[in-house]
Every structure is written in structure tokens, then in C-alpha cells.
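> whatever this is, show me its structure:
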Amino acid sequence: MRVITGSARGRRLMTLEGENVRPTPERVKEGLFSIIQFQIEGRRVLDLFAGSGQLGIEALSRGAKQGVFVDASKDSIAIVQKNLESTRLDTKAQVKKMDFSAFLLQNREPFDLAFLDPPYRTGLLQRALPMVADTMNKGGAIICENPDDEEMPESAGSFVRVRSYRYGKIVLTLYRHKDVTEE
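Next comes the predicted model:
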């Protein structure tokens, strides 16, 4: 797993081993960043359920101003920290070892981009999505990674589903504010 482009282009990222770990495949990550390629520069990014931190790190590498990485797993947080240091993007990042809901309830600064990629079929995505929508700037975008057999809601707070992109059995679902729904 590597950073695709930007200041950390080509850097290898570490990931946890095991059955419960599911890093975003390279082609899905490429698709995701082609969807939002003009909305990254100078933005504040949330990588919720960060895992290895690869999505937030890719955004920082492409010019995001700040990345906030949240995961409840001590092991995941250690990997995120190592990946940020090896890509030299740690000065633009905040890493939080917290439950997603505790973080979202205490967060006071809005986000421009949010990546949600929790463990599949756990209900975490459906619980987190409306809470994330409440922390977003009006012009922001929420991108969820979900399995193709998991139905995503039409809306979450003031954000509405704009489009879904299918990559085999993985779907990227894009949400934007109801008043700013153009891609």
C-alpha cells in the first residue's frame, strides 16, 4: 500500500495484519481521489475509523491543510502515527484514540472532507454518518466506503446522497449538503 501522488508520492504505508483489517484497495482509493481531486487543497479532512490512515494521508499528500485521524484501536493509532511520521505529514495531523461518537460530540471545528470506512456490516457507518454531517462545512463532502449489499440512506442531517460509485463489491457513496449537490 503506497501513497499515490503528492508530497509523499510512492511512500509505502504500514497496515495491521489480521482478519479484521481491510485496507482500501488501490483502485478504489484512486477512484475516490479522482472524484474529489479539486476539493482537497487547503481543506480540513476527517479520517474516521482511520485504520492505517491511508485516506487522510493521501489527502494531506495532495495538499489538504489538516488531517484528523480517529480510531478506537490502540494498534491502529500506532500505525497511523508511524505512517504520518514516515510520510513527514505528522505536523499537519491530529491523531485521536477515541470512540467515533465521543470524538464527534466534542469536536468544535468543522470539516471540509470526511472519509468513513468502518468495519463492514456493523452498523457503525449508519450511526456515524448523521453525526459526521453535523460537523461538516456546508460546501463539504462525505465519502463512505461500504459493501455493495449494504444499503446507504438517502440523507444524513442536511447532507444528501449525490452518487454511488461501484468498484466490484465495494461502493463509494458521496454525500453533499442539500443546497450544494453538484459534483
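> max-length helix in this structure?
Using DSSP state H, we find that the single longest helix of the chain is helix 74-86.
> who does that helix touch, helix- and strand-wise?
helix 54-61, strand 66-71, strand 93-97 (3 or more C-beta pairs under 8 Å, 6 or more residues apart in numbering; DSSP states H and E). Glycine gets a C-beta too; all of them are placed from N, C-alpha and C.
> what does that helix rub up against?
Under the contact criterion C-beta atoms under 8 Å, 6 or more residues apart in numbering, helix 74-86 has outside partners 11-16, 50-54, 57, 69, 71, 90, 93, 95-97.
> how big is the angle separating that helix from helix 54-61?
Here helix 74-86 runs at an angle of 20 degrees relative to helix 54-61 (axes from the mean of the first three to the mean of the last three C-alpha atoms, to 10 degrees).
> quick one: mean pLDDT for helix 74-86?
The average pLDDT for helix 74-86 rounds to 95.
> and that helix, which residues are buried?
For helix 74-86, a neighbour-count test (16 or more other C-beta atoms under 10 Å) marks 76, 77, 79, 80, 81, 83, 84, 86 as buried.
> got it, and stretch 31-45?
31, 32, 33, 35, 36, 39, 40, 43, 44, 45.
> stretch 123-140 too?
Those would be 124, 125, 126, 128, 129, 131, 132, 133, 135, 136, 140, for stretch 123-140 by 16+ other C-beta under 10 Å.
> before we move on, which element is residue 33 in?
Assessed by DSSP states H and E, residue 33 sits inside helix 26-35.
> and residue 177, how many neighbours does it have?
When counting by other C-beta atoms under 10 Å, one arrives at 19 neighbours for residue 177.
> would CSV of the buried residues of stretch 31-45 with distance to residue 110 be doable?
Listed next are those as CSV, based on distance: C-beta to C-beta, whole Å:
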residue, distance to residue 110
31, 26
32, 21
33, 22
35, 21
36, 17
39, 15
40, 16
43, 11
44, 7
45, 12
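> adding distance to residue 177, write the helices and strands packed on helix 74-86 out as CSV.
Output for those, formatted as CSV (distance: least, C-beta to C-beta, whole Å):
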stretch, distance to residue 177
helix 54-61, 19
strand 66-71, 20
strand 93-97, 24
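> packed most tightly, which of the ones you listed would that be?
Using mean count of other C-beta atoms under 10 Å, the stretch among these with the largest mean neighbour count is helix 54-61, at a mean of 29.
> wait, is residue 163 part of a strand?
Yes. Under DSSP: H, G, I helix; E, B strand; the rest coil, residue 163 sits within a strand.
> quick one: residues contacting the closest residue to it other than its chain neighbours.
Leaving out its chain neighbours, the residue that sits closest to residue 163 by C-beta to C-beta, 6 or more residues apart in numbering is residue 174, at 5.1 Å. The neighbours of residue 174, taking C-beta under 8 Å, 6+ apart as the test, are 35, 141, 142, 143, 161, 162, 163, 164, 165, 183.
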